[in-house]
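Asks: Let's see this in three dimensions:
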Amino acid sequence: MLLPGEGRIRSFISMGGNPLVAWPDQLKVRDGFRSLDLLVQIDPWMSATAKEAHYVIAPTLQFEVPGISNTFDLISGAFPGVAMPGPWGQYTPALVAPPEGADVIPEWAFFHGVAARMGLQVEFGATDFGGGQGPTKVLDMQHRPDADELLEILCDGARIPLAEVKAHPHGISRPDDIVVEPKQDGSEGRLDLANELMMRDLAEVAARGHGDLLSWANDDYPLRLVSRRIMSRYNSSGHFLPKLRSADAINPLRMHPDDAVARRLHDGAEVRIASARATIRGIVRIDDTMRPGVVALTHGWGDVPEHDDDFLSLGSAVARLSDVDEAYDPYSGQPVMTNIPVQVSLALLVDR
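Replies: Presented below is the predicted three-dimensional model:
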């Protein structure tokens, strides 16, 4: 929350994420969080961000609340090709109740309660990642709606009413009768091939020895670290579930055999991974599918530097290696979170 006339953010509520290991430039994020007057983390686990929070709110979990499949439709607006292969919808009721005496609350109920106590009015409705906005409704702040009331609002105006979807417990599919309409009158949009700015940037990159946009790419950091994902995790979720931990206990640094030999490293070696911004610790995993000169870490692991001694159980925080002040896209402002110049060396005994 940024108060009128104030020059800094005073409070922050985090829900559905773990910013300390997901956002780039972990050191800057940590300092920012520690400067807050209030940090609230809504989280079922004591994540890295939860450990820093003034208050941790325990939410109900997915089997304890009803849900609809509209997430697939929302995702398709942001990531073309990532969605259901055809028009399909499903509603599932809550399968179980929270354990008796559990001090949990649905996330939406938390925000409704905070807004009511602050005398604020909430307008609720459907939106999508592409910026579109559907019908909205002003909520009654004296009465907390239940989850099904909110789902009805989200589905207001849908081609198939939610009541009909509920009548098909295994989901419902209908032929897609939506067609692409002709372009709007007066539209003259065209692809701008070989744009002048793009060609200028390509020439600048080609002129650099390493072909990197980053000013801190030099011989001191000869390897390029890429962030990746694995099947057993979605960002930082799943780290506290025993069955998932049995599959992937930590996120090792994957390295081509030639790069390991050049640095006298063996599979399982404890190493220091350093960028110009910061240093983390990790475990080497020899992987001949890696491209020589490129190493990889799964993102969403690790913790702040104070917990680096626990890297064998918490993993390595790739987010710490990013520098949002030095490395970012000059047009969008998006920070560089992969292809980070790094050096990798054997950890000394004093590191432990």
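
Asks: Asp258: neighbour count?
Replies: 12 (other C-beta atoms under 10 Å). Where C-beta positions appear, they are placed from N, C-alpha and C, glycine not excepted.

Asks: and if you look at Val179?
Replies: 5.

Asks: before we move on, what about Asp308?
Replies: Under the criterion other C-beta under 10 Å, the count of neighbours that Asp308 has is 17.

Asks: For it, which non-adjacent residue is closest in space?
Replies: In this structure, Asp308 finds its nearest non-sequential neighbour in Arg281, 5.8 Å apart by C-beta to C-beta, 6 or more residues apart in numbering.

Asks: Then the one you found would be within a strand, right?
Replies: Yes: assessed with DSSP: H, G, I helix; E, B strand; the rest coil, Arg281 lies in a strand.

Asks: all helices of the stretch 51-200 of the chain, in order?
Replies: 70-78, 107-117, 147-154, 162-166, 196-207 (DSSP state H, counting those that start in this stretch).

Asks: Turn those helices into TSV, columns for distance to Asp140 and mean pLDDT.
Replies: What follows is those, written out as TSV (distance: least, C-beta to C-beta, whole Å; pLDDT from 0 to 100):
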stretch	distance to Asp140	mean pLDDT
helix 70-78	23	74
helix 107-117	10	95
helix 147-154	10	92
helix 162-166	20	94
helix 196-207	50	86
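
Asks: if we can go back for a sec, surely the residue nearest to Asp308 and Ala274 touch.
Replies: No: contact criterion C-beta atoms under 8 Å: Arg281 and Ala274 do not qualify, at 10.1 Å.

Asks: So for these two, which sits in the more crowded spot?
Replies: Legend: neighbour count by other C-beta under 10 Å for Arg281 and Ala274, higher for Arg281 (20 against 17).

Asks: Beta-bridge partners for that one, please?
Replies: Arg272 (DSSP bridges).

Asks: Contact partners for it?
Replies: Going by C-beta atoms under 8 Å, 6 or more residues apart in numbering, Arg281 touches Glu270, Val271, Arg272, Ile273, Asp308, Phe311, Ser316, Ala347, Asp351.

Asks: And the residues you listed, which of them are buried?
Replies: Glu270, Val271, Arg272, Ile273, Asp308, Phe311, Ser316, Ala347 (16 or more other C-beta atoms under 10 Å).

Asks: What is the nearest of the residues you listed to Leu244?
Replies: Leu244 lies nearest to Ser316 out of the buried ones among the contacts of Arg281, by C-beta to C-beta, at 17.3 Å.

Asks: Looks to me like that closest one is in a strand.
Replies: No: applying three-state DSSP, one finds Ser316 to be coil, outside a strand.

Asks: and the closest residue to it other than its chain neighbours, how many neighbours?
Replies: Spatial nearest neighbour of Ser316, excluding adjacent residues (C-beta to C-beta, 6+ apart): Gly282 at 4.1 Å. Residues contacting Gly282 under the criterion other C-beta under 10 Å number 28.

Asks: now Gly282: how far from Arg200?
Replies: 37 Å (C-beta to C-beta, to the nearest Å).

Asks: can you check Ala278 too?
Replies: Where Arg200 is concerned, Ala278 sits at a distance of 31 Å (C-beta to C-beta).

Asks: With Val29 instead?
Replies: Taking C-beta to C-beta, one finds Val29 at 32 Å from Arg200.

Asks: In CSV, list the helices of the stretch 51-200 of the chain along with distance to Asp287 and mean neighbour count.
Replies: CSV is the format used below for the helices of the stretch 51-200 of the chain (distance: least, C-beta to C-beta, whole Å; neighbours: other C-beta atoms under 10 Å):
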stretch, distance to Asp287, mean neighbour count
helix 70-78, 30, 15
helix 107-117, 38, 16
helix 147-154, 43, 17
helix 162-166, 45, 16
helix 196-207, 28, 10
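
Asks: Which of the ones you listed sits closest to Val40?
Replies: Here helix 107-117 is closest among those (C-beta to C-beta), at 8.8 Å.

Asks: between that closest one and helix 147-154, how many degrees?
Replies: 90 degrees (axes from the mean of the first three to the mean of the last three C-alpha atoms, to 10 degrees).

Asks: buried set for the one helix or strand Ser14 maps to?
Replies: Assigned by DSSP states H and E, Ser14 belongs to strand 11-15. By 16+ other C-beta under 10 Å, the buried positions in strand 11-15 come out as Phe12, Ile13, Ser14.

Asks: so after it, what's the next helix or strand?
Replies: Scanning forward in sequence from strand 11-15 by DSSP H and E, the next helix or strand is helix 19-22.

Asks: what does the average pLDDT come to for the helix or strand following that following helix?
Replies: Using DSSP H and E, the helix or strand that follows helix 19-22 towards the C-terminus is helix 26-34. For helix 26-34, mean pLDDT rounds to 95.

Asks: Packing partners of helix 26-34?
Replies: Applying 3 or more C-beta pairs under 8 Å, 6 or more residues apart in numbering; DSSP states H and E, we find helix 26-34 packed against helix 19-22, helix 48-52.

Asks: Quick one: residues in contact with it.
Replies: 9, 12, 19-20, 23, 39, 49, 52, 277-278, 304-305, 317, 319-320, 322, 324-325.

Asks: now stretch 226-246
Replies: With C-beta under 8 Å, 6+ apart as the criterion, stretch 226-246 contacts 17-18, 21-22, 45, 47-48, 247-248, 251, 294-301, 314-315, 318, 337-340.
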